[in-house]
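Enquirer: after the sequence you'll find the predicted model.
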Amino acid sequence: MNPIDRRTFTTGLCGCMLSGLAGCATTHQTGSAYDLSDTPPGYKPDIHSDEAGLWMQINKTEADMRTAANRIRDKAVNDLVHDIICRLTQDYCADLRPYVLRSPEWNAAMFPTGLTFVYTGFLLQAKNESQVAAVLGHEFGHFRRRHSLARMRDARTKDDIAAALGIGLSMVVAGADFSRLVNLGLNASKLAFSRDHEREADAIGIDLMSKAGYDPYEAGAVWRRVIDIDAASGQDDYHDPYLSTHPTHEEREETLKKLAAEKRKPAVPPPNRLHQVVAPIRASMLADQIDLGTFKRTEKLFDLLIADGLNPGEVLYYKGELYRRRNKEGDDTLALGLYHEAAEAAGAPPEALRQVGLMRWRKGDKDGAREYFRRYLGATPGAFDREIIQNYLKGA
Ligand SMILES: [Zn+2]
């Protein structure tokens, strides 16, 4: 850590602390105490700087992430995320290295070294490619404006959130219960972004997505979806630690809508390869949502996805699984209804037919069950449980 750097920022920070956070956050425009010039493409920090220390921590995490068990290896999914980033960031494309991680949480982040991660829970929730672009554009806003460095320097005089960030990053790949750990790590890092950093990143993100041919109105729509899911949870099982340091989701949606109105609507339909590309891993993404154990939030997300109309049979089947797994009074009837609905809708896995068969059998409707068992075997010639199902067909 360079002592001169440290003194410089500490001196600068005093004026900031006195004038409050709102004064702080605009320092890059008025002559920054933090030297918050844009990161230029190809940037590497001076090895003697505090910034290099931050990079070292993040590089360690990236080394682990390369071999992380929860890394999604599907080439098409990784290529799509990288392509979206490149469309948005142009000259910075080569500096940014995305990793898609299997985690049901709704999150994505871009760190100062170019390490970027995107959770499958986020890809699942996105209605279209423009929504993915909106969030990645926002993350790039933090990257280009070097918000992490600013918050790290700020944190030294507070609770040393930089240390929390380091711990958080290492947690991302450390544990078996990755969903909870990832969340902890990002809580630590998110807490440190100021409201103004968030607003600045929002403005940069919407500008870049619009220039890249995406629909800028989808930036606000991202937050509408978050708000709707939060509302469905009743807030009772969901503690949002960001709200004191972040604009509210509603405020964000409103601001982004206003910003979108200033942008041109894309002249041609925006690229939308998302659903086709994630289709091969979508079933596992839906199943992971159930494992998250937040019933109401997952139910609402599934309803939104069903309303989107993309392979609704697949989502209906997993919604049935959600009820079956909860197993409260009446849930089996609800699950059976959903499996039925799934079986007749586009994109349903053959398992929907098997579940209808099994549940009808248990309720004593053996003829009805056999009809669905036959359809199941017809749809799955190589079914692993063919013999068992054939026994049902023969049985009395
Ligand atoms: Zn942000």
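Expert: Looks like it arrived, so ask away. Just so we're clear, the structure is a prediction, and the values are computed from it rather than from any experiment.
Enquirer: what does the protein put close to the ion?
Expert: Proximity of the chain to the ion, by C-beta under 5 Å from the ion, involves residues 198, 201. Any C-beta I mention is one placed from the backbone N, CA and C, and that applies to glycine too.
Enquirer: tell me which element the spatially most central residue of the chain is part of?
Expert: Geometric centre of the chain, nearest residue: Phe122, 2.5 Å, by C-alpha atoms, centre = their mean. In this assignment (DSSP states H and E), Phe122 forms part of helix 120-125.
Enquirer: the helix or strand following that helix packs against which elements?
Expert: Per DSSP H and E, the first helix or strand lying C-terminal to helix 120-125 is helix 129-144. Judged by 3 or more C-beta pairs under 8 Å, 6 or more residues apart in numbering; DSSP states H and E, helix 129-144 is in contact with helix 75-89, strand 108-110, strand 115-119, helix 120-125, helix 195-211, helix 217-233.
Enquirer: so helix 129-144 versus helix 217-233, what angle?
Expert: Orientation check (axes from the mean of the first three to the mean of the last three C-alpha atoms, to 10 degrees): helix 129-144 against helix 217-233 gives 100 degrees.
Enquirer: helix 129-144: which residues count as buried?
Expert: Across helix 129-144, burial judged by 16 or more other C-beta atoms under 10 Å covers 129-144.
Enquirer: what residue ranges in the protein score low on pLDDT?
Expert: Filtered on pLDDT under 70, the chain yields the residue ranges 1-35, 154-192, 235-246, 396.
Enquirer: rerun at 50
Expert: 1-33, 35, 161-162, 164, 166-191, 236-237 (pLDDT under 50).
Enquirer: could you measure from the residue nearest to Asn272 when sequence neighbours are not counted over to Asp215?
Expert: Counting by C-beta to C-beta, 6 or more residues apart in numbering, the nearest residue to Asn272 once its immediate chain neighbours are dropped is Glu129, at 4.6 Å. Look at Glu129 and Asp215: by C-beta to C-beta, to the nearest Å, they are 9 Å apart.
Enquirer: joint contacts of the two?
Expert: Pro270 (C-beta atoms under 8 Å, 6 or more residues apart in numbering).
Enquirer: just the closest residue of the stretch 251-396 of the chain to the ion, please.
Expert: As assessed by C-beta to the ion, the ion sits closest to Arg252 within the stretch 251-396 of the chain, at 9.8 Å.
Enquirer: circling back: contact partners for the residue nearest to the centre of the chain?
Expert: Phe122 makes contact with 105-108, 132, 135, according to C-beta under 8 Å, 6+ apart.
Enquirer: and which of the residues you listed is nearest to Tyr43?
Expert: Each of the contacts of Phe122 was scored against Tyr43 by C-beta to C-beta, and Ala108 proved nearest at 21.2 Å.
Enquirer: check which helix or strand Val100 maps to.
Expert: strand 97-101.
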